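*Asks:* Test case, fold it:
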Amino acid sequence: MIKSHTPDRLSFFIVILFYTATLLVGYFFIKGHTIVNTVEDSKKKKLVHVVLVQFKETIQSQELQKIIDAAYGLQAIPGVRTLNFSQNVSPEGLGKGYTHALSMKFDSSTDRDSIYLPHPIHQKFVELFVPFTESVLVYDYWE
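*Replies:* Okay, here's the model as predicted:
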């Protein structure tokens, strides 16, 4: 006796129908929607704000800790995407007296210039920070 191939043909037809319907739905209903691409967003250039600091030799550990805490408080300012405050660990000996660095990233120069710089939290940080510094170097660049 010969078996019929009808179930195989029916299965094949259902699979083709399913994929065709999926393509049509995708083309007609989803093509107009904007899909947020986080990989693409991460490729956008960021403005990096770097502050190199040479503290006065007379700074006490409690004063430095207050400055570090206040530096991390800058993250509360809208527009600050990332922030790091760290000590120079380079073995090259080319730090020219700069012992610490504050770095942060912004999405735009407007975020830095119009939001961050005049913000009261930043202004209060500057008032706390500057009296304990010997020298400060600020350098901004796009990455």
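
*Asks:* Only C-alpha atoms from now on, for both contacts and neighbour counts.
*Replies:* Fine.

*Asks:* Now do the helices in this structure.
*Replies:* Along the chain, the stretches classed as helices by DSSP state H are 6-25, 38-43, 61-73, 109-110, 120-129.

*Asks:* hey, least reliable of these by pLDDT?
*Replies:* Of all those, helix 38-43 carries the lowest average pLDDT, namely a mean of 59.

*Asks:* residues of stretch 63-76 that come out buried?
*Replies:* For stretch 63-76, a neighbour-count test (16 or more other C-alpha atoms under 10 Å) marks 67-68, 70-71, 74-75 as buried.

*Asks:* try stretch 90-100
*Replies:* With burial defined by 16+ other C-alpha under 10 Å, the residues of stretch 90-100 counted as buried are 98, 100.

*Asks:* Give me the residues contacting that stretch.
*Replies:* Outside stretch 90-100, the residues that touch it by C-alpha atoms under 8 Å, 6 or more residues apart in numbering are 52-55, 85-88, 135.

*Asks:* What of stretch 65-77?
*Replies:* 80-85, 102, 115-116, 119, 121-122, 125, 128-129.
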